[in-house]
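K.L.:
Quick check, what structure comes out for this input:
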Amino acid sequence: MNRHFWITALIAFINSLSFTILIPIIYLYGKQFGLNDFQTSLLFSIYSISQFFATPVIGKLSDRFGRKPLLIISLAGTVTANLIAGTATTAIVLFFARLLDGITGGNASVAQAIISDITTPENRAKGFGFYGAALGLGFVLGPAISLFAQQISLGAAFLVSGAVAFFALLITIFLLPETIKNRANKAHNIFDIGLGNLIKGLAIPKIGILLIINFFIGTTFTIFTYAFQPYFLNVLGQNSQTLTLMFLLFGVLGVIMQTWGVSILSRKFNLVKILFLALFIRSLSFVLMPIWPSIVYFVVVSILFSLFNSLVQPMINALISLNAEVQDQGTAMGLNASYLSIANGIGPIIAAMLINQSHPITYGYPLYLAGALTFLVLFLAIITRTRYTPTVIQITNS
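P.N.:
Residues are numbered from 1 along each chain as shown. Here you go, the predicted structure:
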């Protein structure tokens, strides 16, 4: 891996840090504005749905005009949105900030396209593994920083997140070179990326089926990520500090698995089989989580979940990258991030609709649903594997 890769990984880490500072507090922050469970789910959804429409545009623009300028725009939007959210006095302003962050939040897909630009096909999965580990490290330190920021206020966490994103912006401006070598030359198609093109993306050979699989993967995961918080707080009787510590645990285990774990598993399995294993453990964990309302039991199952869940997105990203044409890496990653974003928007709403605050048992229903649906996703991935398995699928350790 060269210098440009590590600069990109550093930017991804800092960006992940900014994002994960907020994850443990968005639900509780919404509650401070008097929002109910369904309304707080919309705070998650409005960000993701706006990303759904904006990210493919950013990805395709990065193919045309370069990765660096689009990454700068995306990070600047995150900085501005978090400053607005942290100083919001009404729920409407808070919703606007989340919308703005989503519209400009295409930095992940651009960073993934950069990884595709600077890694060889043989090392693509390894590159995305390290990229995933960088994100995972952000999941470790983000909640830790969030714990300190929460001592001031929940709004302060947004301000700290904005400051961290600003640091990533400076690194991008002054240290990151342009990595794209073969820019797309179809200028008239740059903004032609509406719903019609998103549907056309499903017809792209090998890429389309991966977009469908990742859409359902994202939906089941965000059903969990939203439902996990009210379940943890209301059924297990925990508070914002222990909730943040759980996210810290997820991050630590994710980093371990995406570094050492991938290296160990890749000696025996290719990345398609690793994906299948990770999906199976994830689905099993979702079903097991709400069976016994004990904090110790929940933590044990969460450890199993965290170890294997952290493998899913790196494997999917690597498969999409390996199946996309060189000049279309940004477009493919943008489409992938867009479908993942709409999944992220749907998941919290589904989870919130299943919860009835007057009946605590219902807090476990979304977890059972996430588990059942993930089993179906695994089945879909298995029966369609010949349609997306690339020629180079073995993760190398060189």
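K.L.:
Report the separation between Glu122 and Gln258.
P.N.:
For Glu122, the distance to Gln258 (CB to CB, to the nearest Å) stands at 19 Å. Using the backbone N, CA and C atoms, a C-beta is placed for each residue, glycine as well.
K.L.:
neighbour-wise, which of the two wins?
P.N.:
Gln258 (25 against 13; other CB atoms under 10 Å).
K.L.:
Once you drop chain neighbours, what's closest to the more buried one?
P.N.:
In space, and not counting its chain neighbours, Gln258 is closest to Ala133: 4.0 Å by CB to CB, 6 or more residues apart in numbering.
K.L.:
In contact with the one you found, which residues?
P.N.:
For Ala133, the contacting residues are 254-255, 258-259, by CB atoms under 8 Å, 6 or more residues apart in numbering.
K.L.:
what about it, helix or strand, and which?
P.N.:
helix 124-150 (DSSP states H and E).
K.L.:
Now do that helix: distance to the chain's middle.
P.N.:
Its chain's C-alpha centre and that of helix 124-150 lie 11 Å apart, by CA atoms, centre = their mean, to the nearest Å.
K.L.:
Make residue 1 into 420 and carry on from there
P.N.:
Right, with 420 as the first residue, what we last looked at is helix 543-569.
K.L.:
Quick check: next helix or strand after that helix?
P.N.:
Defined by DSSP H and E, the subsequent element after helix 543-569 is helix 573-594.
K.L.:
List the contacts of that following helix.
P.N.:
Contact partners of helix 573-594, identified using CB under 8 Å, 6+ apart, comprise 426, 429-430, 433-434, 436-438, 440-441, 444, 447-448, 451, 487, 490-491, 494-495, 497-502, 504-507, 516, 564-565, 568-569.
K.L.:
Which of those are buried, as a ChimeraX select command?
P.N.:
The buried subset of the contacts of helix 573-594, as determined by 16 or more other CB atoms under 10 Å, is captured in ChimeraX by this line:
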select :426,429,430,433,434,436,437,438,440,441,444,447,448,487,490,491,494,495,497,498,499,500,501,502,504,505,507,516,564,565,568,569
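K.L.:
what's the following helix or strand after the one helix or strand in the chain whose mean pLDDT sits lowest?
P.N.:
Within the chain, no helix or strand scores below helix 614-620, which has a mean of 71 by mean pLDDT, DSSP states H and E. Counting by DSSP H and E, the next helix or strand C-terminal to helix 614-620 is helix 626-649.
K.L.:
for that following helix, packing partners?
P.N.:
helix 445-451, helix 456-484, helix 614-620, helix 690-707, helix 731-742, helix 748-773, helix 784-802, helix 804-807 (3 or more CB pairs under 8 Å, 6 or more residues apart in numbering; DSSP states H and E).
K.L.:
Comparing these, which yields the minimum mean pLDDT?
P.N.:
Mean pLDDT values for these show the minimum at helix 614-620, a mean of 71.
K.L.:
For Asp747, which non-adjacent residue is closest in space?
P.N.:
Asp482 (6.8 Å).
K.L.:
Could you do Ala756 as well?
P.N.:
Per CB to CB, 6+ apart, closest to Ala756 is Ser528, 3.8 Å.
K.L.:
wouldn't that neighbour be in contact with Lys479 here?
P.N.:
No. At 10.0 Å, Ser528 does not count as touching Lys479 under the criterion of CB atoms under 8 Å.
K.L.:
between the two, which one's more packed in?
P.N.:
Ser528 (32 against 26).
K.L.:
average pLDDT for whichever strand or helix holds the more buried one?
P.N.:
Using DSSP H and E, Ser528 falls within helix 526-537. Helix 526-537 carries an average pLDDT of 79.
K.L.:
repeat for stretch 681-688
P.N.:
Mean predicted lDDT for stretch 681-688 stands at 79.
K.L.:
now swap in stretch 626-645 and tell me
P.N.:
Averaged across stretch 626-645, pLDDT comes to 92.
K.L.:
starting at the chain centroid, how far to that stretch?
P.N.:
With CA atoms, centre = their mean, you get 10 Å for stretch 626-645.
K.L.:
Repeat that for stretch 728-747.
P.N.:
For stretch 728-747, the distance to the chain centre is 13 Å (CA atoms, centre = their mean).
K.L.:
Can you give me the buried ones in that stretch?
P.N.:
728-743, 747.
K.L.:
before we move on, what about stretch 421-429?
P.N.:
For stretch 421-429, by 16+ other CB under 10 Å, it's 423-424, 426-429.
K.L.:
Out of these, flag the one nearest to Ile710.
P.N.:
Ile710 lies nearest to Ala428 out of the buried residues of stretch 421-429, by CB to CB, at 38.2 Å.
K.L.:
just checking, the closest one touches Ala553?
P.N.:
Yes. Counting by CB under 8 Å, Ala428 does reach Ala553; the two are 4.3 Å apart.
K.L.:
for Ile599, helix, strand, or coil?
P.N.:
coil (DSSP: H, G, I helix; E, B strand; the rest coil).
K.L.:
got the helices and strands packed on helix 626-649 as JSON lines, with distance to Gly521 columns?
P.N.:
Formatted as JSON lines, the helices and strands packed on helix 626-649 follow (distance: least, CB to CB, whole Å):
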{"stretch": "helix 445-451", "distance to Gly521": "13"}
{"stretch": "helix 456-484", "distance to Gly521": "3"}
{"stretch": "helix 614-620", "distance to Gly521": "16"}
{"stretch": "helix 690-707", "distance to Gly521": "25"}
{"stretch": "helix 731-742", "distance to Gly521": "19"}
{"stretch": "helix 748-773", "distance to Gly521": "8"}
{"stretch": "helix 784-802", "distance to Gly521": "22"}
{"stretch": "helix 804-807", "distance to Gly521": "28"}
